[in-house]
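*Asks:* how would this look folded up:
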Amino acid sequence: MTLFLLILTGTVIPVAPGESIQSAMDIAVPGDTVLVLPGIHSGSGANLLSINGSHNGVVLTGNMLDPSTVVLSGQGLTGSIISVDGLSFGPVDSTTVISGLLFSEGMPLTEPFGGALYTWHASPLIEFCLFQGNKADNGGAIYSWKGAPVIRFCLFEGNECQSAGGAVYLYSSNAAIISCRFADNKSWDDGGGLYTYHCSPVVFNCLFSGGYAHDDGAGIYCYALSDPMVSFCTFYGNEAQNTGSAVYFRVDCSPEISHCIITGNTGPAFFIQSGGNPVFSYNCSWGNPDGNYGNLPDPTGTSGNISVDPLLVGDMYLSHSNAGQPETSPCIDAGGDYSLEYGLEYTWTRTDSVPDSSLVDMGFHHGAQDNSQSGPEGESIMGMTVFPNPASSAFTVCYPADGQWTSLDVFDLSGRLVYTGLPAVSGSRSVNTAELGGNGVYIVRLSGNSSPLSAAVTVLAD
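*Replies:* Below you'll find the predicted structure:
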């Protein structure tokens, strides 16, 4: 029995490669889990899986610790790998979960939307998924038509479109995109990473790197009254053949851009056309050779905006003298309030995984996969984190201090309980790795509250 069978609720319906995921979904009821087992799952016809209101409340999951082991392949299909219809047979809301899956080679032939996922008037929760090598005319990986899906802790890599949205296209969809990475996605027209049309999504704590737009908006393209809130994002190494290598605004778009780092992008980083009033605060835009703010007024020196070398190191971390680098980045402690106010107090920008615990740092924060963030309506999505990770002699578990937790347990990957203890009321507890039984990957689980929490930690003891 795997760990996931231990922590899931309701009936668990396993699906092995070669078996029908659709058949499993059709017999599931709200609260059930369809567990897609490791291997390559492929099929024929329009979609590998069609979800509608009759499936609302069902969890579709693979392996959240390693989604690459559970592959949903688009080979042999004429449409998206998964379609989600929120109009037929009732609504599809966030109780419908899609998690722990690798979507690959989605390439719809009959509809030009969403190589991997096409959501229609639907608001599912999509998390801990990989989207790699998918293609479509619009929305190489995901096309969302209306609705408000939450997309968090996902990687979009090497997806491509002919028209708009190399990775994601949002059409009148007020989605929340949280703690995601966009890497090497391409549009042969506009919006290498994300394309928004007439909507106001939340884009929080995301990394946009290596994106390409043959025209405009290598990172994000905002069109037609789109007013996204883009915060704590890092834009690095994106290329627009025309303008807007980070973000492009067209036709009365007035987004809020805050606490972002924009550097090393080819083509003017920001560009506006046909009206709009973008608001910039607490950003660092520097080292974009074709211009930091394009044809926009340069806000540097006002509202916390700076233009200096952010001193990025490694995987988009910020240099810090206490972490072993020669200098400390000017983006450290450069935000508008304390990290606690943004739900980032257990995340980090430093290479040594020390949490951002004072004035918030600019740019992408690591460790957010197990932390609290803000949802599309400002609701709290609470979680916990473990640091340092990997750990040697000990690690610390941090979690919301609400006084309702009753047990802190650690499991190995076979599902065997190797440690149990009482959570501290303070919201922080240390665990000695000598009590766990050796090096490896472990799952820390916090119980007692109505929403149990879990996080993975790697132990590499001396």
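
*Asks:* around residue 434, how many other residues sit close by?
*Replies:* Neighbour count of residue 434, defined by other C-beta atoms under 10 Å: 11. Glycine gets a C-beta too; all of them are placed from N, C-alpha and C.

*Asks:* how close does it get to residue 420?
*Replies:* Using C-beta to C-beta, to the nearest Å, we find residue 434 at a distance of 15 Å from residue 420.

*Asks:* tell me how far the one helix or strand residue 169 maps to lies from the chain's centre.
*Replies:* Assigned by DSSP states H and E, residue 169 belongs to strand 168-171. Relative to its parent chain, strand 168-171 has a centroid offset of 15 Å by C-alpha atoms, centre = their mean, to the nearest Å.

*Asks:* name every strand pairing with that strand and say which way it goes.
*Replies:* strand 142-145 (parallel), strand 194-197 (parallel) (DSSP bridges).

*Asks:* contacts for the last one?
*Replies:* The set of residues that contact strand 194-197 without belonging to it, under C-beta atoms under 8 Å, 6 or more residues apart in numbering, is 138-139, 164-165, 167-172, 177, 182, 187, 203, 208, 217, 219-224, 226, 228.

*Asks:* next secondary structure element downstream of the worst-scoring helix or strand of the chain on mean pLDDT?
*Replies:* In the chain, the helix or strand scored least confidently by mean pLDDT, DSSP states H and E is strand 380-381, which has a mean of 32. Note on strand 380-381: by DSSP H and E, the next helix or strand toward the C-terminus is strand 385-387.

*Asks:* that next one pairs with which strands?
*Replies:* If you go by DSSP bridges, strand 385-387 pairs up with strand 394-398 (antiparallel).

*Asks:* got the buried residues for the partner strand?
*Replies:* For strand 394-398, burial by neighbour count (16 or more other C-beta atoms under 10 Å) applies to 395, 396, 397, 398.

*Asks:* now do stretch 73-85
*Replies:* Going by neighbour count (16+ other C-beta under 10 Å), the buried part of stretch 73-85 is 73, 74, 77, 79, 80, 81, 82, 83, 84, 85.

*Asks:* contacting residues for the nearest residue to the second one once chain neighbours are set aside?
*Replies:* Think residue 74. Leaving out its chain neighbours, the residue that sits closest to residue 74 by C-beta to C-beta, 6 or more residues apart in numbering is residue 106, at 3.4 Å. Residues near residue 106 by C-beta under 8 Å, 6+ apart: 74, 77, 80, 81, 114, 115, 116, 134, 135, 136, 141.

*Asks:* want to throw those residues into JSON lines with distance to residue 310?
*Replies:* Converted to JSON lines, the contacts of residue 106 look like this (distance: C-beta to C-beta, whole Å):
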{"residue": "74", "distance to residue 310": "38"}
{"residue": "77", "distance to residue 310": "42"}
{"residue": "80", "distance to residue 310": "38"}
{"residue": "81", "distance to residue 310": "37"}
{"residue": "114", "distance to residue 310": "34"}
{"residue": "115", "distance to residue 310": "33"}
{"residue": "116", "distance to residue 310": "32"}
{"residue": "134", "distance to residue 310": "31"}
{"residue": "135", "distance to residue 310": "33"}
{"residue": "136", "distance to residue 310": "34"}
{"residue": "141", "distance to residue 310": "28"}
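
*Asks:* which two among the residues you listed are spaced furthest apart?
*Replies:* Spanning the widest gap among these are 77 and 141, at 14.5 Å by C-beta to C-beta.

*Asks:* kindly indicate which of the buried residues of strand 394-398 lies nearest residue 439.
*Replies:* residue 395 (12.9 Å).

*Asks:* and that closest one, what does it touch?
*Replies:* 386, 387, 388, 389, 430, 431, 433, 457, 459.

*Asks:* list the buried residues in the helix or strand the fifth one falls within.
*Replies:* Of the helices and strands defined by DSSP H and E, residue 430 is found in strand 428-432. Within strand 428-432, the residues that qualify as buried by neighbour count (16+ other C-beta under 10 Å) are 429, 431.

*Asks:* correct me if wrong: residue 56 contacts residue 94.
*Replies:* No. Using C-beta atoms under 8 Å, residue 56 is not in contact with residue 94; the gap is 9.8 Å.

*Asks:* run through the helices of the stretch 1-150 of the chain in chain order.
*Replies:* Secondary structure of the stretch 1-150 of the chain (DSSP state H, counting those that start in this stretch): helices at 3-7, 21-27.

*Asks:* lowest-confidence stretch among the ones you listed?
*Replies:* Note on these: lowest mean pLDDT is at helix 3-7, with a mean of 37.

*Asks:* can you report how many residues lie near residue 27?
*Replies:* Counted with other C-beta under 10 Å, residues neighbouring residue 27 total 11.

*Asks:* what residues are up against the nearest residue to it once chain neighbours are set aside?
*Replies:* Using C-beta to C-beta, 6+ apart and skipping residues adjacent in sequence, the residue nearest residue 27 is residue 13, 6.9 Å away. The contact partners of residue 13, taken as C-beta under 8 Å, 6+ apart, are 24, 27, 28, 32, 33, 34, 35.

*Asks:* so who does the most centrally placed residue in the chain touch?
*Replies:* Taking C-alpha atoms, centre = their mean as the criterion, residue 180 is the residue nearest the geometric centre of the chain, at 2.4 Å. Contact partners of residue 180, counting by C-beta under 8 Å, 6+ apart, are 151, 152, 153, 154, 155, 156, 206, 207.

*Asks:* let's see that with 10 Å instead.
*Replies:* Counting by C-beta atoms under 10 Å, 6 or more residues apart in numbering, residue 180 touches 126-127, 129, 131, 151-156, 167-168, 193-194, 203-208, 233, 368.

*Asks:* next step: these restricted to strands.
*Replies:* Within the contacts of residue 180, residues falling in strands by DSSP state E are 126-127, 131, 151-152, 155-156, 168, 194, 203-204, 207-208.

*Asks:* state the pLDDT value of the residue nearest to the centre of the chain.
*Replies:* pLDDT, read off for residue 180, is 96.

*Asks:* distance of it from residue 145?
*Replies:* In terms of C-beta to C-beta, residue 180 sits 20 Å off from residue 145.

*Asks:* what's the answer for residue 160, then?
*Replies:* Using C-beta to C-beta, residue 160 is found at 20 Å from residue 145.

*Asks:* residues near residue 103, how many?
*Replies:* Neighbourhood size, residue 103 [other C-beta under 10 Å]: 30.

*Asks:* what's the answer for the one 4 residues further on, then?
*Replies:* A total of 19 residues lie near residue 107 under the criterion other C-beta under 10 Å.

*Asks:* cool, residue 162 as well?
*Replies:* Neighbours of residue 162 under the rule other C-beta under 10 Å: 16.

*Asks:* residue contacts, it?
*Replies:* Listed by C-beta under 10 Å, 6+ apart, the contact set of residue 162 reads 112, 135, 136, 137, 138, 140, 186, 187, 188, 189, 214.
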